[in-house]
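Q: Fold the following for me, if possible:
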Amino acid sequence: MSPFFTRAIDQNGISAEEARSAVKTLLRYMGENPEREGLLETPDRVCRAWLEMTEGYGMSAEQVLSTTFEGNSDEMIVLKDIEFTSCCEHHLLTFSGRAHVAYLPAHGRIVGLSKLARIVDVYAKRLQVQERMTQQIASAISKELAPAGVAVVIEGQHSCMCVRGVRKQGASMVTSSLQGVFRDNSATRAEFMSLISRRD
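A: Numbers count the residues shown, from 1 in each chain. I've put the predicted structure just below:
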């Protein structure tokens with residue numbers, strides 16, 4: 001047996017062997033032979049890949065955003081062009097793109113910038129729809145940091161549109177969630193939109 005076959009692990013009450021067997025069944029369903037040389041290690045690789053791509057289920061927003069710092073800041077903090085890859089829950093095909101995240105601190109508390117990138121991963125690394133992912137990121141930041149406002153804009157390219165169905169290459173989906181001052185104040189919203197659209 002290949003050494004690769006020892007690496008996938010039991011998860012959520014499902015044994016690694018059951019998961020590999022399911023992949024073999026799918027290969028046979030496609031008309032393939034899972035016993036041919038090129039596919040012998042595929043079931044294990046697929047299982048390990050899926051565990052990696054969905055590791056967000058083992059992460060929590062509360063944990064990621066638990067450490068804050070005194071920043072004495074009342075200006076907008078923006079982290080843009082956060083690259084992500086997620087997986088469409090409808091077809092189990094990937095979608096990827098960029099997330100732009102901003103918040104306006106309240107009470108002078110700020111969070112490390114890497115945490116904003118991590119919070120995107122918490123929700124991207126799950127089976128998703130882009131609309132829900134956008135809302136989840138914004139709501140988590142709002143709940144854990146209690147800022148004056150949160151803004152999240154996500155641009156995504158969906159392989160379920162490119163490789164099947166309408167097969168439209170290059171189409172990009174844009175979703176947004178604006179909370180607090182980003183929703184209520186047009187000048188704040190416009191400043192955020194200007195910052196994320198700027199290409200330096």
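Q: which ones are touching residue 104?
A: Contacts of residue 104 were listed using Cβ atoms under 8 Å, 6 or more residues apart in numbering, and they are 74-77, 147-150, 180-182, 188. C-beta: built from backbone N, CA, C; applies to glycine.
Q: Name the nearest residue to it, sequence neighbours excluded.
A: Excluding its sequence neighbours, the residue lying closest to residue 104 (Cβ to Cβ, 6 or more residues apart in numbering) is residue 148, at 4.2 Å.
Q: Touching, that neighbour and residue 179? I think so.
A: No. Judged on Cβ atoms under 8 Å, residue 148 makes no contact with residue 179 at a distance of 9.6 Å.
Q: Could you give me the buried positions within whichever strand or helix holds residue 143?
A: For residue 143, the host element (DSSP states H and E) is helix 130-145. By neighbour count on 16 or more other Cβ atoms under 10 Å, the buried set for helix 130-145 is 130, 133-142, 144-145.
Q: so what does the helix-or-strand element of the chain with minimal mean pLDDT touch, helix or strand wise?
A: Here the helix or strand of the chain ranked lowest by mean pLDDT, DSSP states H and E is helix 159-162, holding a mean of 78. Under the contact definition 3 or more Cβ pairs under 8 Å, 6 or more residues apart in numbering; DSSP states H and E, helix 159-162 sits against strand 94-104.
Q: Okay, now the sheet partners of the strand it packs on, with direction.
A: Note on strand 94-104: by DSSP bridges, its sheet partners are strand 77-88 (antiparallel), strand 149-158 (antiparallel).
Q: how distant is it from the center of its chain?
A: 8 Å (Cα atoms, centre = their mean, to the nearest Å).
Q: and if you look at stretch 130-139?
A: How far stretch 130-139 lies from its chain's middle: 9 Å, per Cα atoms, centre = their mean.
Q: likewise stretch 109-127?
A: 9 Å.
Q: Adding mean neighbour count and mean pLDDT, write the strands paired with strand 94-104 out as JSON lines.
A: Output for those, formatted as JSON lines (neighbours: other Cβ atoms under 10 Å; pLDDT from 0 to 100):
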{"stretch": "strand 77-88", "mean neighbour count": "17", "mean pLDDT": "97"}
{"stretch": "strand 149-158", "mean neighbour count": "23", "mean pLDDT": "95"}
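Q: what are the phi and psi values for residue 175?
A: Per-residue torsions, residue 175: phi -130, psi 150 (degrees, to the nearest 10).
Q: Just the CA trace of the least confident helix or strand of the chain, in CSV.
A: Taking Å, rounded to 0.1, in the frame of the first residue of the first chain, the C-alpha atoms of helix 159-162 are listed here in CSV:
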residue,chain,number,x,y,z
SER,A,159,-15.6,27.9,-11.8
CYS,A,160,-19.2,26.5,-11.7
MET,A,161,-19.9,29.3,-14.3
CYS,A,162,-16.7,28.8,-16.3
